[in-house]
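Visitor: Here's my sequence, what's the structure:
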Amino acid sequence: MVAKLQDVAKLAGVSVTTVSRVINNRGYLSEQTKTKVHQAMKELNYQPNALAQAIKGKPSRFVGMIFPNLTNPFFAELANTLERKLFQKGYKAIIASSAENEQIEHDYLAMLMANQVEGIISSSHNLGIKEYQEISAPIVSFDRHLSDNIPVVSSNNYQGGKLAAQYMVAHHAKNVAVLIDEDVSKSPTLMRVQAAVDVLNTANISYVPMDLKTKSAEDYFPGKFDAVIASNDVIALKIAQIIKKAGKRPYKNFFITGYDGSQLIRKVAPELPTIIQPTEKIADRLITTLIAAINEKPTNKNQEALAVHFHEGHS
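Guide: Residues are numbered from 1 along each chain as shown. The predicted structure is shown next:
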């Protein structure tokens, strides 16, 4: 069996990140640590990634990208857009999906560093991963707070939440479920919920913040609700199906808004009212910010959020 990076780390008694740093000669490491790692590599006959060896001593022109779930059409569209734009600038992309699993993300981070990527774009949902503080390569985050020193690119989440809630007010919704994103940190996506709550409170509309982590949507809907502000389009469409099975008419007597507004969703479900995130502009800013960091130029960690737009939905 071919030895893996994790096998070396286990035998040497260090983290996979430390092994990656030894291989790539990045950051300060004690001679004792280096010796342990090299001994483990020798004992296991471990061969560092061939790509890394081929480009040793040169800029790799590779950028790593980590997304929580590429089955979500928005992340798939963003990854595709980033890959295309990076290629135009002379970079190639290594794309990884963490499947919203912390261990998988640990492994992918180690893999990307072993491949000596010049930088990483991450939209991780697995917050608190200490490797992000230890990695020496530049990192830019999309919509997630990973570390105080990592710049965040974001669309205007508060504006998005406000637009969704205003739709509910305009359609005279009375009992609204406001779905909470899985990220409960201080990351920008929480502003969607805050905005929705602000608008609904002002309009004196009853609402319930709801987390679908512990129960499924079928357990809640339709229930007492006549409206849902969903955290993404995939969940919104799932709830629409549940509502149909219950004999109600989504978008007519049960109101639903999605979030993200990818081209695929707008094509296959044009009836869904949703918040459109500006994929092209997000990709441009992520790349510009990352390349500036790669070239050791100042990066603005408090950039103005990019505007979003409301898609009314039509049959």
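Visitor: so Ile66 touches Val117, yeah?
Guide: No - with contact defined as C-beta atoms under 8 Å, Ile66 does not reach Val117; the gap is 10.7 Å. The C-beta positions use only the backbone N, C-alpha and C, and glycine is treated the same way.
Visitor: As a quick check, tell me the outermost residue of the chain.
Guide: Glu43 (37.9 Å; C-alpha atoms, centre = their mean).
Visitor: Does the nearest residue to that residue once chain neighbours are set aside lie in a helix or a strand, and which?
Guide: Of all residues not flanking Glu43 in the chain, Leu11 sits nearest, at 6.6 Å (C-beta to C-beta, 6 or more residues apart in numbering). In this structure, Leu11 sits in helix 5-12 according to DSSP states H and E.
Visitor: tell me the pLDDT at Phe225?
Guide: Here, the pLDDT recorded for Phe225 equals 95.
Visitor: go on, His125?
Guide: pLDDT recorded at His125 is 64.
Visitor: Quick one: distance of stretch 255-273 to the chain centre.
Guide: 19 Å (C-alpha atoms, centre = their mean, to the nearest Å).
Visitor: low pLDDT regions in the stretch 151-300 of the chain?
Guide: By pLDDT under 70, the weakly predicted segments of the stretch 151-300 of the chain are 182-186, 300.
Visitor: Do a quick rundown of the strands in the chain.
Guide: Using DSSP state E, the strands of the chain run over 62-67, 92-97, 119-122, 139-142, 152-153, 175-179, 206-210, 227-229, 255-260, 274-276, 309-311.
Visitor: Listing partners with orientation, what would you give for the third one?
Guide: In other words, strand 119-122. Paired neighbours of strand 119-122 in the sheet (DSSP bridges): strand 62-67 (parallel), strand 139-142 (parallel).
Visitor: hmm, back to that, out of the strands of the chain, deepest packed?
Guide: Each of the strands of the chain was scored by mean neighbour count; the highest is strand 227-229, a mean of 29, by mean count of other C-beta atoms under 10 Å.
Visitor: Look up how far Ala79 lies from Arg265.
Guide: No, residue 265 isn't Arg; it's Ile. If you measure Ile265 against Ala79 using C-beta to C-beta, to the nearest Å, the figure is 16 Å.
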